[in-house]
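**Student:** Quick one: sequence and predicted model below, then my questions.
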Number of protein chains: 2
Amino acid sequence: MIDYQAPLRDMQFILDELAGLKQIGQLPGCEDASPDLVGAVLEEAGKFAAGVLTPLNQAGDRQGCRLEGERVITPDGWQAAYDQFRDASWIGLSLPPEHGGQGLPKLVSTPVWEMWFSTNMAFAMLPQLNVGQTEALMIAASEAQKATWLEKIVSGEWAATMNLTEPQAGSDLAATRMRAEPTDDGAYRLFGQKIFISYGEHELTPNILHLVLARLPDAPPGVKGLSLFLAPKYLLDAQGEPGEKNDIRCIAIEHKMGIHGSPTCTLSYGDQGGALGYLVGEPHQGLATMFVMMNDARFNVGVQGVALGERAYQAALAYARERVQGRDIVSGATGRPILVHPDVKRMLVSMRARLMAMRGLLYTAAGWFDIARHHPDAEVADKHRRYVDLLMPVAKGWCTEVGNDLCDEAIQVFGGMGFVEETGVAQLFRDARIITIYEGTTGIQANDLLGRKILREEGATLRELIGDIRETAAQLDGHERLGDLAEALRDQAALLEETTDWLLAHQADTADLYAGAVPLLHLLGIACGAWQLARLALAADTRREAGDGDADYLAGLAELARFYMATQAPQARAHAQTLRQAGAVLTRFPDASL
Amino acid sequence: MIDYQAPLRDMQFILDELAGLKQIGQLPGCEDASPDLVGAVLEEAGKFAAGVLTPLNQAGDRQGCRLEGERVITPDGWQAAYDQFRDASWIGLSLPPEHGGQGLPKLVSTPVWEMWFSTNMAFAMLPQLNVGQTEALMIAASEAQKATWLEKIVSGEWAATMNLTEPQAGSDLAATRMRAEPTDDGAYRLFGQKIFISYGEHELTPNILHLVLARLPDAPPGVKGLSLFLAPKYLLDAQGEPGEKNDIRCIAIEHKMGIHGSPTCTLSYGDQGGALGYLVGEPHQGLATMFVMMNDARFNVGVQGVALGERAYQAALAYARERVQGRDIVSGATGRPILVHPDVKRMLVSMRARLMAMRGLLYTAAGWFDIARHHPDAEVADKHRRYVDLLMPVAKGWCTEVGNDLCDEAIQVFGGMGFVEETGVAQLFRDARIITIYEGTTGIQANDLLGRKILREEGATLRELIGDIRETAAQLDGHERLGDLAEALRDQAALLEETTDWLLAHQADTADLYAGAVPLLHLLGIACGAWQLARLALAADTRREAGDGDADYLAGLAELARFYMATQAPQARAHAQTLRQAGAVLTRFPDASL
C-alpha cells in the first residue's frame, strides 16, 4: 500500500498565492470560506482521505466489482466508506445551502476532491456524480423536481449517474438513439441502451437517480434533438420513498484495465414496457444542461490528473529515498539511495514541477469559476467565465495527459518493482489510463479548444490571457533573484501569440489546422503551467523576503519554476512547430499508405 | 482478439533497402541467406505467428501463471505451442550450425523475432532465452560444456534462463551476493536467492539450464568478483539425461501488470546443501560473458518495442477504419469512419512513421552485427562493431520508449473501448510497460550511451555516424522529389554534432551531464530514425522511378519520412535544449525541496 499525505502546504500556498482564496472569500456568497475554515476543511479531508480511502484503494482494485444477476456488488469496504463519506457531508461541500450543501467556493472543494481522487479514484467517482448532477439540476430542473430530488442527491442519501454513451454514440452524441415516449400523465417512457455508465448500478444507496439523454418522438436529428430526463432506479412512492423498481436493468459490467472498484455498467431501459422518466428543462434542450454536468466532470477529471500524479510522485519519492542501488556518479560512494542518481532526481523534480504547474492552473481556474459565478461586477465575472471556458479543455486534456506521464514516470523510478502490482504504482498507471478518454478524449478537448474556444471568437480571450502572461513576465523583468525567468515566460507568450496568428491566418485549411489541435492543447497547457510557476516563484520570493514561511520550501518553488522552464519550454516550442508543419503533410497523406 | 498480419512488405523493404540483405548474404558464413530462402522464412514465420501464437496471447494474459507448491503452471496451450515452436526449429534460426542451428544472419532472425513478440511476447520470452544463452556459451563455455548442453539449448529440447537480479542487486550487479563454493570434484555449490527470473521454473521442457552470476569465496568486491555458472534444474545422469533434482526451488512468482503468461520467478538456491553449478569461463570474469547474453537480450527488447507497436498499430488502424463516429470536419459528412478525423489520422500516421523508423534502425543494426561478425575486412568489421556498440542503448532504450508510446496511442484511438480488456490493446499497453525496465532501464541505457559509448571515446564513433547521416543528406540535396528532406536531416546531424561538442566540453560537470542522459538518448534515437526514414524515402523513390514495386506504397514511404521530420525533428531539438539546460538547475536543486 502506498502511504498518502495530503500535500497541504502546497495546496494552501497555491490557494493563497495563485488562486486568490482571500479575495474569493470576500465575494458575496463565499463569505464562509474564511482562512481558518478552509484550513480546517483541508486538514479534515486529508485525514479522511489518508485514513479511510487509502486503505481501500488497492483491495478495491484487486477485488473489483461483479454482476450477480442484475445486482452489482462493489468491493468490500465500499459501503462502510460511503456511509462515512456521506455522514461527514463531504458531498455537499460546494453545493447550494438551500438544498443542504455547505456552499463553499469551488476553489475550496477542488483540493478536497484532489485528495479523494489521489487516495481512491474508483471510489470517489461515485460521490463526484452527485456534485455534477446537482449542478445540472440547479440550472434546468423545475422547482418541484428540485424539491423532490436535490436534498437527497446533495446529502448523498441517493446516488447519481450521467447516462450519455450508447454503443453507436460515444464521442458523437448526435448519434444518440434512446427513445422517450410521452405518457398520459406528463411523464415519459424510456427505451434503449446506455453503455459505459459509471456506478450505473450498485447497492450502496437506497436509490440511484439517472440523468439520461434521449429523443422525443418529434425530435430533430442530431444534437439539437436531445432531451434530458431524470429516471430513478426505484420510483418514489406517495411518501417520496423508493418504491417500485423502474424498468432499468444492468445487463453487463465492463472488464477494464483500471478503476476496478468503479462498476462500469451497461443499462438496458424499457425491456418491460418502458422506464419512467421525467423531462428536465425544455424538450430538445437537453444537451446544454448535460454539458453543465459534463463540464463539471471534465474539470474534475483534470483534477484526477494532478491527483493520481501526486500519489505517484509521493510513492516514487519515498522509494527513491529508501532504495539503495548503484554508485554515486560524482563521489563514487555506494550505499546511497537512488535519488542521488541524476536521472532519478531528474524524474522526481520534473514530476513535482509539473504537479505544481497543473495544480496552479486547476486551482486558479476553480477560483475563476467562483469569480464568474459570484463577482458583482458583470465585466469581471464575464472575463473569468471566458477564461474558464477557454481553459476547460486544457484543464481536462492537458492535466490528464500529464497525469498519465507522471504515473508512467513513477513506475520508471520503481523499476521492476513498479511493474509488480504489490507496490501500487502499477494500479495508478492503469487507473490513470482512462482519464485522457472519459468525458471527452484529448482529441475532443483539443478540437473544442481550437474550434469553439479560439477560432469562433478569433482568439479574443486567448489574446487577453496572453496579455496576462506578459504582465507576469513584466513583473519578472529585472527582478533581482528571478529575472532569468522573465525571458522564458515571455517566450511562452510569444509562442502562443505567433500560434494564434498562424491559426487565424490558416482558418481555411480546416483539416491541416485540426491535425494540430492536440499539439496546440499541449502548447497552451505548458505555457499556462509556465505562467503559474512564474507566479508561484514571485509569490514565494515575496514571502521569503518578508521572512514569512519556511525559506527552504520557498526557495525550492523558484527552482521548480526554473526547472520547468528548462525542460518544458522546449517542448512547447516543439509543439508549436509540429502544429504548423504536420497538417499539410498529414492532409495529403494517402489513407491507403497506412 | 486482435488479428495480426506480419508486415512482410515493410520488413522485406527494410531488409533489402536499408539493411543490405543482399550484401550480407554474400558474407562468408551467411551464404544461406538467399533472397528466396529469406522470403520463405519470413512467410512461414508470419503464418506461425498469426496462426499459433496470436490465438494464445489474450487467453494467456487472462489465465496467467500459478505456483502450486514448487511447480509453476503456465497457461493452457503454452505446451502445445512450445512443442510446435521447438519442432519447427525456430529457436536455432540464427544459431551455430555446429550445434544444430541454421546459422542464418541476425538480420534474418530479427524480423522473425519481431513477429513472435508482436503476437505473443509473454510466450516468446521463453525461446528467446535459449538464443541469448547460446550466444553467451559460445563465447565462454568449455568444449565439454558446449558438447553437453548446447545442442539441447539450440534445439529447445531444454529451456534456458538468465539469473542476475537479487533483492539488493537490481540495476546494480556489484551488489550481487549469491555464493559459489567449490566442491571436491571441480564443481560448485550455489547458495542464495535470485529474483525476477523470467521462466525460472516451468514444466514445458524436461530440463532448464540456468546461467547464474555468483561470487567465489576469494572474489574481489564489486562487478570484478562475479563468476558465471551453469546450474541445471535437473542434474544429468550418466547418459546425459535429466536425473536428480538440483537444489533450486521456485518459492514465489510475481503478480505483474502485464506479460502474465511469462512466469517471473524467485529462485532459492541451496536450501538443502547447495545447488550444483559449473563454472563457465574464468573465475571473476563472469560479467563480460553475461553481458553477451544481456546485450542479445537488450537488442531483442528493442525489437519488442517495434513488435508491440506494430501490433498496436494494426489494431488501431483496423478500428479507425471500421468505427463510425462524428462528422467529417471538412465535408460535414456523417457515417464515416473515425480515420477521417485529422487527429485520429495524425495518431496513425505518426505511429506508422515511428514504427518504420524503429524498424529501420533495428534491422540496420542487426545487419551491422552480421558485418561485424562475418566481414573479412577487419576494418569494416570493426567499424560496424563500434556502430552496434554505440547504438545498442538506443536500440533498447529509445525503441522501448517509443513502443510504449505507440501502445498508449493505440488505446487513445480506441477511446473507451481501449480501456476495456476485451479489445486487446490494453494488454499490449500493460505488456509493453516492462520493456523500458527489464534488461536495464532507459536511464541505465542512457548512462551507458553517454558514459561508455560517447565520453569514453571522446565521441569518435558518434562523429563517424554523424558523417554517415550527412552523406545521406548530401544524396537528398537538390533531389528532384525529396530535396525538402535534406535540410531536415542535416539539422538532425547538426543537433547531434553540437550536442557532442557540448558534452565533451562539459565533461567536468558530471552530475549536470548525466541529468541529460535520457534526453540525449531520445535525441540520438530520433535522429537515427530520421536518417533511416530519409534512406527509406531515397530507396523508395529509386524503386518508383524504376517502376519496381507498388507506386502508391513507395510514395507513401516518402510521405512518412516527411511526416516524421515535421513532427519528430522538433522533439529532437527540444531534447537537445533540455539536455543543456536542465542539468545545472537540477544539480543545485535541494533534495529537501522535493
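**Tutor:** Received the coordinates, thanks.
**Student:** contacting residues for the closest residue to residue A:27 other than its chain neighbours?
**Tutor:** Ranked by CB to CB, 6 or more residues apart in numbering or on different chains and with sequence neighbours excluded, the top spatial neighbour of residue A:27 is residue A:374, at 4.0 Å. For the C-beta atoms, the positions are set from N, CA and C on the backbone; glycine is no exception. Counting by CB atoms under 8 Å, 6 or more residues apart in numbering or on different chains, residue A:374 touches A:24, A:27-30, A:105, A:381.
**Student:** Report the buried members of those.
**Tutor:** Those of those that meet the buried threshold are A:24, A:27, A:30, A:105, A:381, by 16 or more other CB atoms under 10 Å in any protein chain shown.
**Student:** Helices - which of these land there?
**Tutor:** A:24, A:381 (DSSP state H).
**Student:** Let me know the closest of the buried ones among the contacts of residue A:374 to chain B.
**Tutor:** Comparing these against chain B with CB to the nearest CB picks out residue A:24 as the nearest, at 27.9 Å.
**Student:** Would you mind measuring from the closest one to residue A:375?
**Tutor:** Distance, residue A:24 to residue A:375, by CB to CB, to the nearest Å: 9 Å.
**Student:** What of residue A:526?
**Tutor:** As for residue A:526, its distance to residue A:375 is 29 Å (criterion: CB to CB).
**Student:** Report the buried residues of the helix or strand harbouring residue A:347.
**Tutor:** According to DSSP states H and E, residue A:347 maps onto helix A:342-374. For helix A:342-374, a neighbour-count test (16+ other CB under 10 Å) marks A:342-374 as buried.
**Student:** what distance separates it from the centre of its chain?
**Tutor:** Once both centres are worked out by CA atoms, centre = their mean, to the nearest Å, helix A:342-374 turns out to sit 12 Å from its chain's centre.
**Student:** Run a quick neighbour tally on residue A:171.
**Tutor:** Number of residues near residue A:171 (other CB atoms under 10 Å in any protein chain shown) recorded here: 19.
**Student:** And for residue A:238?
**Tutor:** Residues lying near residue A:238 (other CB under 10 Å) number 6.
**Student:** got the phi/psi numbers for it?
**Tutor:** phi -60, psi -30 (degrees, to the nearest 10).
**Student:** Would you agree residue A:259 is in contact with residue A:126?
**Tutor:** No. At 11.1 Å, residue A:259 does not count as touching residue A:126 under the criterion of CB atoms under 8 Å.
**Student:** in the helix or strand harbouring residue A:118, what counts as buried?
**Tutor:** Assessed by DSSP H and E, residue A:118 sits inside helix A:106-140. Within helix A:106-140, the residues that count as buried by 16+ other CB under 10 Å are A:106-138, A:140.
**Student:** Would you mind listing what in the stretch 201-350 of chain A touches chain B?
**Tutor:** Contact residues, the stretch 201-350 of chain A versus chain B (CB under 8 Å from any CB of the partner chain): A:254-258, A:264, A:317, A:324-327, A:329-330, A:334, A:339, A:341-346, A:348-349.
**Student:** From residue A:460, how far off is the residue nearest to residue A:248 when sequence neighbours are not counted?
**Tutor:** Leaving aside its sequence neighbours, residue A:248 sits nearest to residue A:275 (CB to CB, 6+ apart; 4.8 Å). According to CB to CB, residue A:275 and residue A:460 sit 44 Å apart.
**Student:** If you count surrounding residues, which of the two has more?
**Tutor:** Neighbour totals were compared for residue A:275 and residue A:460, and residue A:275 leads with 30 against 13 (other CB under 10 Å).
**Student:** where does that one land on pLDDT?
**Tutor:** You'll see residue A:275 listed with a pLDDT of 98.
**Student:** For it, give its distance to residue A:244.
**Tutor:** 12 Å.
**Student:** Would you state the helices of the stretch 401-550 of chain A in chain order?
**Tutor:** Along the stretch 401-550 of chain A, counting by DSSP state H, counting those that start in this stretch, helices occupy A:416-419, A:425-432, A:442-447, A:460-476, A:484-505, A:510-515, A:517-545.
**Student:** coming back round to it: now the contacts of residue A:374 as TSV including pLDDT?
**Tutor:** Below are the contacts of residue A:374 laid out as TSV (pLDDT from 0 to 100):
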residue	pLDDT
A:24	97
A:27	97
A:28	96
A:29	94
A:30	96
A:105	98
A:381	98
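**Student:** So which residue of chain A lies furthest out from the middle?
**Tutor:** Outermost residue of chain A with respect to the C-alpha centroid, by CA atoms, centre = their mean, is residue A:332; its distance is 44.1 Å.
**Student:** Then that one would be within a strand, right?
**Tutor:** No. The assignment for residue A:332, made by DSSP: H, G, I helix; E, B strand; the rest coil, is coil rather than a strand.
**Student:** Report the separation between it and chain B.
**Tutor:** Distance of residue A:332 to chain B, given as CB to the nearest CB, to the nearest Å: 10 Å.
**Student:** Tell me the pLDDT of that residue.
**Tutor:** Note on residue A:332: pLDDT of 93.
**Student:** Distance check, it against residue B:174.
**Tutor:** Distance from residue A:332 to residue B:174, by CB to CB: 12 Å.
**Student:** cool, and residue A:591?
**Tutor:** For residue A:591, the distance to residue B:174 - CB to CB - is 53 Å.
**Student:** repeat for residue A:300
**Tutor:** 47 Å.
**Student:** Who has more neighbours out of the two?
**Tutor:** More crowded of residue A:300 and residue B:174, by other CB under 10 Å: residue A:300, with 27 against 17.
**Student:** Surely that one forms part of a helix?
**Tutor:** Yes. The assignment for residue A:300 (three-state DSSP) places it in a helix.
**Student:** Which residue, other than its chain neighbours, is closest to it?
**Tutor:** Distances taken as CB to CB, 6+ apart put residue A:128 closest to residue A:300, at 5.6 Å, once the chain neighbours are dropped.
**Student:** pLDDT score for the one you found?
**Tutor:** pLDDT at residue A:128 comes out at 97.
**Student:** The residue nearest to residue A:248 and residue A:219, how far apart?
**Tutor:** Counting by CB to CB - residue A:275 and residue A:219 are separated by 18 Å.
**Student:** again with residue A:136
**Tutor:** Look at residue A:136 and residue A:219: by CB to CB, they are 20 Å apart.
**Student:** Name the SS class of the residue lying closest to residue A:444 once chain neighbours are set aside, please.
**Tutor:** Excluding the flanking residues, the one nearest residue A:444 by CB to CB, 6+ apart is residue A:171, at 5.5 Å. The assignment at residue A:171 comes out as coil when based on three-state DSSP.
**Student:** contacting residues around stretch A:483-499?
**Tutor:** Contacts for stretch A:483-499 (CB under 8 Å, 6+ apart): A:462-463, A:465-466, A:469-470, A:472-474, A:476-479, A:520, A:523-524, A:526-527, A:530-531, A:534, A:537, A:561-562, A:565, A:569, A:572-573, A:576, A:579-580.
**Student:** Would you indicate which residues of that stretch are buried?
**Tutor:** For stretch A:483-499, by 16+ other CB under 10 Å, it's A:485-486, A:488-497, A:499.
**Student:** What average pLDDT does it get?
**Tutor:** 98.
**Student:** cool, stretch A:163-171 as well?
**Tutor:** According to the model, stretch A:163-171 has a mean pLDDT of 94.
**Student:** what's near enough to touch residue A:406?
**Tutor:** Counting by CB under 8 Å, 6+ apart, residue A:406 makes contact with A:308-309, A:312-313, A:351, A:354-355.
**Student:** tell me the two of these that are most distant?
**Tutor:** Spanning the widest gap among the contacts of residue A:406 are A:308 and A:354, at 12.4 Å by CB to CB.
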